[in-house]
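Asker: sequence and predicted structure are below.
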Amino acid sequence: MSDLKSESCEACRADAPEVSEQEINTLSAHLPDWCVVEKDGERRLERVFRFKNFAQALAFTNKVGELAESEGHHPALLTEYGKVTVYWWTHKIGGLHRNDFIMAARTDALTHEGQSR
Ligand SMILES: C[C@H](O)[C@H](O)[C@H]1CNC2=NC(N)=NC(=O)C2=N1
């Protein structure tokens, strides 16, 4: 398994298949802080990120937005005082694609940006 956060999204077609159950299990193992949830009949990846205040939550929201724009793949974001809930799924296929797991890993990496190793 390559490092998900080093991958980029592939162009996703409307007839692209959802990831299999086995792929979900394998990929999810690399994303321990994320859950697979179902909303409106579509499976999504969900994680809550917590912050000290609304300003920090908003700054993170904007970083996720920039990431999404750079990849042409977009989340649902709920920004509140001290927390941001991020959902990744592929609208075109109404479910989970490898792209969603890549973007979840890339979202996690945003929280480590600028931190010395
Ligand atoms: C035209 C545009 O590139 C497509 O609609 C993209 C935009 N961002 C997207 N984001 C997500 N999460 N799923 C999509 O199917 C999707 N499609």
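Answerer: Ah, there it is.
Asker: near the ligand, which residues of this protein show up?
Answerer: Neighbours of the ligand within the chain, by CB under 6 Å from any ligand atom: 12, 72-74, 90-92. Quick note: C-beta positions are derived from backbone N, CA and C, even for glycine.
Asker: wait, what's in contact with the residue most central in space within the chain?
Answerer: The residue lying closest to the centre of the chain (CA atoms, centre = their mean) is Ala104, at 2.8 Å. Applying CB atoms under 8 Å, 6 or more residues apart in numbering to Ala104 gives the contacts 4, 31, 34, 45, 47, 86, 88.
Asker: could you name the helices and strands sitting against the biggest helix by length in the chain?
Answerer: When the chain is parsed with DSSP state H, its longest helix is helix 54-71. Judged by 3 or more CB pairs under 8 Å, 6 or more residues apart in numbering; DSSP states H and E, helix 54-71 is in contact with strand 76-80, strand 83-88, helix 98-110.
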